[in-house]
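# Pasting a predicted model and its sequence here:
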Amino acid sequence: VELSWLEGRPGLMTGATFGVPWPRGALRKDQAFVLSGDNGDLPCQSWPTAYWPDGSLKWTAHALPAMDAAPERLRLRPGSSGVKGGKQLTVKESPDAIVIDTGVIECTIPRQGAAIVRSLRREGRDIARAGKLVALSDESPDCSTRQTAYESRLQRVTLEQRGPQRSVVKLEGLHRAQEGARSWLPFTLRLYLYAGAESVRIMHTFVFDGDEQKDFVRGLGLRFDVPLVDAPHDRHVRFG
(Lines give C-alpha, C1' and ligand atoms only; values in the text may rest on other atoms or scores of the structure.)
Protein backbone atom coordinates (compact mmCIF):
# COMPACT_ATOMS: atom_id res chain seq x y z
CA VAL A 1 0.00 0.00 0.00
CA GLU A 2 1.39 3.40 -1.02
CA LEU A 3 0.68 6.16 1.51
CA SER A 4 1.07 9.94 1.54
CA TRP A 5 0.25 12.80 3.92
CA LEU A 6 -3.22 14.32 3.52
CA GLU A 7 -2.04 17.93 3.90
CA GLY A 8 1.60 17.61 2.93
CA ARG A 9 4.56 16.38 4.91
CA PRO A 10 4.41 17.71 8.50
CA GLY A 11 7.08 20.22 9.43
CA LEU A 12 7.22 18.88 12.99
CA MET A 13 7.00 15.11 13.38
CA THR A 14 5.96 14.40 16.98
CA GLY A 15 4.56 10.93 16.25
CA ALA A 16 1.62 9.85 14.11
CA THR A 17 -1.00 7.11 13.93
CA PHE A 18 -2.94 6.06 10.83
CA GLY A 19 -5.30 3.28 9.71
CA VAL A 20 -5.33 1.10 6.57
CA PRO A 21 -8.24 -1.00 5.19
CA TRP A 22 -7.63 -4.43 3.62
CA PRO A 23 -9.71 -6.53 1.21
CA ARG A 24 -11.49 -9.56 2.59
CA GLY A 25 -9.33 -12.66 2.80
CA ALA A 26 -6.12 -10.88 1.80
CA LEU A 27 -4.27 -11.05 5.12
CA ARG A 28 -4.37 -13.44 8.06
CA LYS A 29 -5.31 -12.05 11.46
CA ASP A 30 -1.77 -12.27 12.88
CA GLN A 31 0.00 -10.66 9.90
CA ALA A 32 3.02 -8.45 10.70
CA PHE A 33 3.90 -5.35 8.68
CA VAL A 34 6.90 -3.36 7.47
CA LEU A 35 6.72 0.41 6.91
CA SER A 36 9.32 2.00 4.68
CA GLY A 37 10.08 5.58 3.73
CA ASP A 38 12.36 7.41 1.33
CA ASN A 39 15.51 5.97 2.89
CA GLY A 40 14.51 2.47 3.95
CA ASP A 41 12.47 0.77 6.65
CA LEU A 42 11.10 2.77 9.58
CA PRO A 43 10.24 1.88 13.18
CA CYS A 44 6.53 1.09 13.26
CA GLN A 45 4.02 -0.32 15.73
CA SER A 46 1.07 -2.17 14.16
CA TRP A 47 -2.11 -3.70 15.56
CA PRO A 48 -5.51 -4.93 14.22
CA THR A 49 -8.65 -2.85 14.70
CA ALA A 50 -11.26 -4.87 12.75
CA TYR A 51 -11.70 -8.30 11.14
CA TRP A 52 -13.78 -9.72 8.30
CA PRO A 53 -16.27 -12.53 9.15
CA ASP A 54 -13.73 -15.09 7.87
CA GLY A 55 -11.18 -13.87 10.42
CA SER A 56 -8.93 -12.03 7.97
CA LEU A 57 -7.78 -8.47 8.62
CA LYS A 58 -10.19 -5.68 7.69
CA TRP A 59 -8.48 -2.64 9.30
CA THR A 60 -5.09 -2.16 10.89
CA ALA A 61 -3.56 0.77 12.76
CA HIS A 62 0.09 1.82 12.61
CA ALA A 63 2.09 4.23 14.78
CA LEU A 64 5.26 6.12 13.84
CA PRO A 65 7.62 7.54 16.48
CA ALA A 66 8.77 11.15 16.61
CA MET A 67 11.56 11.89 14.15
CA ASP A 68 13.59 14.80 12.83
CA ALA A 69 11.92 14.74 9.41
CA ALA A 70 8.95 12.76 8.14
CA PRO A 71 9.36 10.91 4.81
CA GLU A 72 7.47 12.42 1.88
CA ARG A 73 5.87 9.07 1.01
CA LEU A 74 5.38 5.82 2.90
CA ARG A 75 4.94 2.23 1.80
CA LEU A 76 3.29 -0.44 3.97
CA ARG A 77 3.72 -4.11 3.15
CA PRO A 78 3.24 -7.49 4.89
CA GLY A 79 6.43 -8.81 6.44
CA SER A 80 8.67 -8.46 9.46
CA SER A 81 11.41 -5.97 10.22
CA GLY A 82 13.95 -5.63 12.99
CA VAL A 83 14.24 -1.86 12.63
CA LYS A 84 14.10 0.05 15.92
CA GLY A 85 13.92 3.76 16.63
CA GLY A 86 16.76 5.79 18.09
CA LYS A 87 14.72 6.68 21.18
CA GLN A 88 13.06 3.82 23.05
CA LEU A 89 9.71 4.14 24.80
CA THR A 90 9.51 2.30 28.12
CA VAL A 91 6.61 1.74 30.51
CA LYS A 92 6.83 0.94 34.23
CA GLU A 93 3.77 0.09 36.32
CA SER A 94 3.43 0.19 40.09
CA PRO A 95 0.39 0.00 42.41
CA ASP A 96 0.15 3.80 42.61
CA ALA A 97 1.37 5.07 39.21
CA ILE A 98 2.29 4.45 35.57
CA VAL A 99 5.58 5.91 34.37
CA ILE A 100 6.17 6.32 30.62
CA ASP A 101 9.56 7.41 29.31
CA THR A 102 9.67 8.49 25.65
CA GLY A 103 13.45 8.73 25.67
CA VAL A 104 13.13 12.52 25.94
CA ILE A 105 10.53 13.15 28.66
CA GLU A 106 9.23 11.03 31.53
CA CYS A 107 5.53 11.24 32.39
CA THR A 108 4.24 9.92 35.73
CA ILE A 109 0.50 9.24 35.83
CA PRO A 110 -1.04 8.48 39.27
CA ARG A 111 -3.79 5.88 39.66
CA GLN A 112 -5.87 7.94 42.11
CA GLY A 113 -6.24 11.43 43.49
CA ALA A 114 -6.79 14.84 41.92
CA ALA A 115 -3.78 14.97 39.57
CA ILE A 116 -3.99 13.38 36.14
CA VAL A 117 -0.23 13.88 35.65
CA ARG A 118 1.96 13.79 38.76
CA SER A 119 5.06 15.06 36.98
CA LEU A 120 6.75 15.65 33.63
CA ARG A 121 10.53 15.33 33.76
CA ARG A 122 13.23 16.11 31.23
CA GLU A 123 16.92 15.34 31.72
CA GLY A 124 16.24 14.45 35.35
CA ARG A 125 14.45 17.73 36.15
CA ASP A 126 10.76 18.43 36.72
CA ILE A 127 9.34 20.73 34.05
CA ALA A 128 5.69 20.45 35.21
CA ARG A 129 3.91 18.98 38.21
CA ALA A 130 0.44 18.25 39.56
CA GLY A 131 -1.50 18.50 36.29
CA LYS A 132 -5.25 18.68 37.01
CA LEU A 133 -8.45 19.21 35.11
CA VAL A 134 -10.24 22.29 36.41
CA ALA A 135 -13.75 23.63 35.91
CA LEU A 136 -15.72 26.70 36.92
CA SER A 137 -19.52 26.89 37.03
CA ASP A 138 -22.06 29.64 37.62
CA GLU A 139 -25.67 29.62 38.80
CA SER A 140 -26.73 32.32 36.35
CA PRO A 141 -26.35 32.81 32.58
CA ASP A 142 -25.38 36.43 33.28
CA CYS A 143 -22.08 35.78 35.10
CA SER A 144 -23.03 36.16 38.75
CA THR A 145 -20.52 36.29 41.58
CA ARG A 146 -21.66 32.90 42.91
CA GLN A 147 -19.23 30.69 41.07
CA THR A 148 -17.97 27.25 42.10
CA ALA A 149 -14.56 25.77 41.32
CA TYR A 150 -13.98 22.07 40.63
CA GLU A 151 -10.98 19.85 39.98
CA SER A 152 -10.50 16.32 38.71
CA ARG A 153 -10.84 13.20 40.84
CA LEU A 154 -9.70 9.93 39.28
CA GLN A 155 -11.86 6.81 39.43
CA ARG A 156 -10.09 4.48 37.02
CA VAL A 157 -6.74 4.49 35.16
CA THR A 158 -6.08 1.97 32.39
CA LEU A 159 -2.94 1.35 30.34
CA GLU A 160 -4.47 0.67 26.92
CA GLN A 161 -1.24 0.41 24.93
CA ARG A 162 2.35 0.02 26.07
CA GLY A 163 4.61 0.59 23.07
CA PRO A 164 7.16 0.16 21.65
CA GLN A 165 6.42 3.25 19.51
CA ARG A 166 3.19 4.49 21.14
CA SER A 167 1.62 4.14 24.57
CA VAL A 168 -1.90 5.19 25.55
CA VAL A 169 -3.29 5.71 29.06
CA LYS A 170 -7.01 6.14 29.66
CA LEU A 171 -8.13 8.13 32.72
CA GLU A 172 -11.74 8.28 33.92
CA GLY A 173 -13.16 10.41 36.70
CA LEU A 174 -15.37 13.29 37.83
CA HIS A 175 -14.98 16.97 38.58
CA ARG A 176 -15.39 17.50 42.34
CA ALA A 177 -16.09 20.80 44.06
CA GLN A 178 -13.13 22.24 45.94
CA GLU A 179 -15.59 23.41 48.58
CA GLY A 180 -18.48 21.01 49.06
CA ALA A 181 -19.28 17.42 48.14
CA ARG A 182 -20.70 17.79 44.66
CA SER A 183 -19.17 15.71 41.83
CA TRP A 184 -20.28 16.03 38.21
CA LEU A 185 -19.01 16.43 34.62
CA PRO A 186 -17.66 12.87 34.20
CA PHE A 187 -14.62 12.87 31.95
CA THR A 188 -12.51 10.49 29.91
CA LEU A 189 -8.95 11.56 29.20
CA ARG A 190 -6.48 9.75 26.98
CA LEU A 191 -2.77 10.52 27.02
CA TYR A 192 -0.77 9.54 23.93
CA LEU A 193 3.01 9.31 24.18
CA TYR A 194 5.32 8.48 21.26
CA ALA A 195 8.89 7.23 21.29
CA GLY A 196 11.31 10.13 20.90
CA ALA A 197 8.62 12.78 21.46
CA GLU A 198 8.97 15.76 23.77
CA SER A 199 5.22 16.33 23.93
CA VAL A 200 2.09 14.54 25.16
CA ARG A 201 -1.07 14.43 23.05
CA ILE A 202 -4.27 14.69 25.11
CA MET A 203 -7.80 13.75 24.04
CA HIS A 204 -10.41 15.11 26.47
CA THR A 205 -14.09 14.07 26.50
CA PHE A 206 -16.63 15.11 29.13
CA VAL A 207 -20.37 14.69 29.67
CA PHE A 208 -22.59 17.57 30.83
CA ASP A 209 -24.81 15.90 33.42
CA GLY A 210 -25.99 19.05 35.25
CA ASP A 211 -29.18 21.07 35.25
CA GLU A 212 -29.31 23.26 32.15
CA GLN A 213 -31.40 25.83 34.04
CA LYS A 214 -28.88 26.50 36.82
CA ASP A 215 -25.53 24.92 35.90
CA PHE A 216 -23.58 27.17 33.52
CA VAL A 217 -20.01 26.14 32.72
CA ARG A 218 -17.72 29.20 32.76
CA GLY A 219 -14.39 27.48 32.35
CA LEU A 220 -12.90 24.09 31.62
CA GLY A 221 -9.20 23.39 31.26
CA LEU A 222 -5.95 21.77 32.33
CA ARG A 223 -3.66 23.35 34.92
CA PHE A 224 -0.06 22.51 35.85
CA ASP A 225 2.33 23.75 38.49
CA VAL A 226 5.54 24.84 36.76
CA PRO A 227 8.71 24.97 38.86
CA LEU A 228 10.77 28.12 38.21
CA VAL A 229 14.43 27.25 38.79
CA ASP A 230 16.27 30.17 37.23
CA ALA A 231 17.55 33.16 39.14
CA PRO A 232 14.70 35.50 40.25
CA HIS A 233 15.61 38.14 37.66
CA ASP A 234 15.26 35.50 34.89
CA ARG A 235 11.80 34.26 35.85
CA HIS A 236 9.42 35.66 33.26
CA VAL A 237 6.00 34.67 31.96
CA ARG A 238 5.16 36.22 28.62
CA PHE A 239 1.72 36.41 27.05
CA GLY A 240 1.58 37.00 23.31
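Yep, it's here.
# Going by C-alpha atoms from here, please, whenever you check contacts or count neighbours.
Noted.
# So what are the sheet partners of the worst-scoring helix or strand of the chain on mean pLDDT and their directions?
In the chain, no helix or strand scores lower on mean pLDDT, DSSP states H and E than strand 40-42, which sits at a mean of 90. Next to strand 40-42 in the sheet, as set by DSSP bridges, lie strand 33-37 (antiparallel).
# hang on, the earlier thing: for the least confident helix or strand of the chain, buried residues please.
41-42 (16 or more other CA atoms under 10 Å).
# next one: it to chain centre, how far?
On the basis of CA atoms, centre = their mean, to the nearest Å, strand 40-42 sits 25 Å off its chain's mean C-alpha point.
# count of residues packed around the nearest residue to residue 91 once chain neighbours are set aside?
Nearest residue to residue 91 in three dimensions, chain neighbours excluded: residue 100, at 4.6 Å (CA to CA, 6 or more residues apart in numbering). Using other CA atoms under 10 Å, residue 100 has 25 other residues around it.
# My understanding was that residue 100 contacts residue 106; is that so?
Yes - counting by CA atoms under 8 Å, residue 100 touches residue 106, with 5.7 Å between them.
# next structured bit after the least confident helix or strand of the chain?
strand 45-51 (DSSP states H and E).
# Now do the longest strand belonging to the chain: which elements does it pack against?
Scanning the chain for the strand with the most residues, using DSSP state E, yields strand 147-162. Packed against strand 147-162 by the contact rule (3 or more CA pairs under 8 Å, 6 or more residues apart in numbering; DSSP states H and E) you find strand 125-138, strand 166-177.
# Let me know which of those strands is tucked in deepest.
strand 166-177 (a mean of 21; mean count of other CA atoms under 10 Å).
# State the distance from the residue nearest to residue 91 to residue 121.
10 Å (CA to CA, to the nearest Å).
# overlap in contacts of the two?
Residues touching both residue 100 and residue 121 (CA atoms under 8 Å, 6 or more residues apart in numbering): 106-107.
# so residue 149 bridges to which residues?
Beta-bridge partners of residue 149, as defined by DSSP bridges: residue 136.
# Give me the below-cutoff pLDDT ranges for the chain.
Along the chain, the model assigns pLDDT under 70 to residues 82, 84-85.
# quick one, helices of it?
Applying DSSP state H to the chain gives no helices.
# my read: residue 106 touches residue 121, true?
Yes - using CA under 8 Å, residue 106 is in contact with residue 121, at 5.0 Å.
# ok, these two, which is more surrounded?
residue 106 (23 against 16).
# what sits opposite the more buried one in the beta ladder?
Beta-bridge partners, per DSSP bridges, of residue 106: residue 101, residue 121.
# residues in contact with it?
Taking CA under 8 Å, 6+ apart, one finds 99-100, 119-122 in contact with residue 106.
# any idea how far residue 239 is from it?
On the measure of CA to CA, residue 106 and residue 239 end up 27 Å apart.
# Also residue 110?
Applying CA to CA to residue 110 and residue 239 gives a distance of 31 Å.
# Give me the more crowded residue out of those two.
Neighbours per residue (other CA under 10 Å) separate residue 110 from residue 239, with residue 110 holding more: 22 against 4.
# which one is that one nearest to, not counting chain neighbours?
residue 97 (4.2 Å).
# same thing with residue 19?
residue 61 (4.3 Å).
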